[in-house]
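1. coordinates for the following, if possible.
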Amino acid sequence: MRIVVTGGSGQLARAIRETWTGHEVICPPEAELDLARQEAIQRVLQELKPEVVVNAGAFTQVDRCETEEALATLINGTAVSWLAETCDGLGAKLVQISTDYVFDGQGTRPYLEADPVAPRCAYGRTKLLGEQAALRSRNHLVARTAWLYDAWGKNFFLTMVNAARQGRELRVVDDQRGTPTSCRALARQLQLAIEEDWQGLVHASCRGETTWYGFAEEIFRLTGINARLSPCATADYPLPAPRPAYSVLDGAHRKELGSDCMGEWIDGLAEVVAHYSKLAQ
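-> Model prediction:
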């Protein structure tokens, strides 16, 4: 299949390039496939004529979204409607990457796809608009994920490792629960989902759960870094956008759709640490 991936410089796009086999994967530069411009979306996709478009591009700076919600709405919401319209015209499948932030984060058990959405911040509201636009397209898959990271890009894993190597004291929140999900784990699941022609809405994060502090502890245990790490509460680290207190996603629906290859989060972390160690040599 010919597959176009938006957000070509992002960490998920890189994981797709590195893990997908048997397909022609095209990641146009973001200056060319500019999600802020309808004309650019239409021109690039009509030229490339993909069978599948994976929208991995987004305005993901959660706190900036609070003050730049109009721009976030354009990139995370309106652009998806343009992608959907163009995909419909080409007969292509649209795969939209969404987020745990569409929920209010006040739950006490893993969220199901059918649970009510109630985003509490601009990022969540704008990503929900993108979900809704994608779900209106004729051939679509919306994959919600959470806590993405890998051995490249900008993410919690690299922030922790780099800060600890600089000898900085790290205080990490221990009252927000979720599931760390490596980009390569998500990429492998998306490849299977496309090959098996999954339709609709699915949760695609790794299995298990922890806190950000627990995640950091495992990062340092597996890397062998002696970090100055201590837990704190969300209230001790105020940010412009509220973070979900609980954002574990239930993955049972994946087995109903087809092949579920999302493993335990700690196994995914071990794979990323091994890759990071090779890069650091």
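2. for Thr145, give its distance to Arg2.
-> 24 Å (Cβ to Cβ, to the nearest Å). For the C-beta atoms, the positions are set from N, CA and C on the backbone; glycine is no exception.
3. okay, these two: which has more neighbours?
-> Thr145 (24 against 13; other Cβ atoms under 10 Å).
4. in this structure that one contacts Cys183, no?
-> No: the pair Thr145 / Cys183 is not scored as a contact, 9.2 Å apart, by Cβ atoms under 8 Å.
5. please enumerate the strands of the stretch 151-281 of the chain.
-> 169-173, 177-178, 181-182, 200-203, 210-211, 228-232 (DSSP state E, counting those that start in this stretch).
6. wait, which of those is closest to Arg14?
-> strand 181-182 (11.8 Å; Cβ to Cβ).
7. so who does the spatially closest residue to Ser98 that is not a sequence neighbour touch?
-> Excluding its sequence neighbours, the residue lying closest to Ser98 (Cβ to Cβ, 6 or more residues apart in numbering) is Arg144, at 4.5 Å. Going by Cβ atoms under 8 Å, 6 or more residues apart in numbering, Arg144 touches 98-100, 102, 113, 131, 201-205, 249.
8. direction included, what does the helix or strand that Arg144 is a member of pair against?
-> For Arg144, the enclosing helix or strand under DSSP states H and E is strand 140-145. Note on strand 140-145: by DSSP bridges, its sheet partners are strand 93-99 (parallel), strand 200-203 (parallel).
9. so for Arg243, which of the ones you listed sits nearest?
-> Per Cβ to Cβ, nearest to Arg243 of the strands paired with strand 140-145: strand 93-99, 11.9 Å.
10. how far out from the middle of the chain is that closest one?
-> Strand 93-99 has its C-alpha centroid displaced from the chain centroid by 10 Å (Cα atoms, centre = their mean, to the nearest Å).
11. got it, and stretch 33-40?
-> With Cα atoms, centre = their mean as the basis, stretch 33-40 stands 21 Å off its chain's centre.
12. only the buried residues of that stretch, if you could.
-> In terms of neighbour count (16 or more other Cβ atoms under 10 Å), stretch 33-40 has its buried residues at 33-35, 38, 40.
13. any idea of the mean pLDDT for that stretch?
-> Confidence for stretch 33-40, expressed as mean pLDDT, is 98.
14. quick check: the residue nearest to Ser98 vs Asp63, distance?
-> 21 Å.
15. please apply the same query to Arg165.
-> Where Asp63 is concerned, Arg165 sits at a distance of 25 Å (Cβ to Cβ).
16. check Pro119 too.
-> For Pro119 relative to Asp63 (Cβ to Cβ), the value is 15 Å.
17. which one of the two has more residues nearby?
-> The residue with more neighbours, out of Pro119 and Asp63, is Pro119; 21 against 14, by other Cβ under 10 Å.
18. name whatever forms a beta bridge with Pro231.
-> Applying DSSP bridges, one finds that Pro231 bridges with Val172.
19. dump the strands paired with strand 140-145 to CSV, plus mean neighbour count, mean pLDDT and distance to Val52.
-> Formatted as CSV, those follow (neighbours: other Cβ atoms under 10 Å; pLDDT from 0 to 100; distance: least, Cβ to Cβ, whole Å):
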stretch, mean neighbour count, mean pLDDT, distance to Val52
strand 93-99, 25, 98, 5
strand 200-203, 20, 98, 15
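20. tell me which residues in the longest helix that the chain contains are buried?
-> Longest helix in the chain by number of residues (criterion: DSSP state H): helix 265-280. Counting neighbours by 16+ other Cβ under 10 Å, one finds that the buried residues in helix 265-280 are 265-266, 268-269, 272-273, 275-276.
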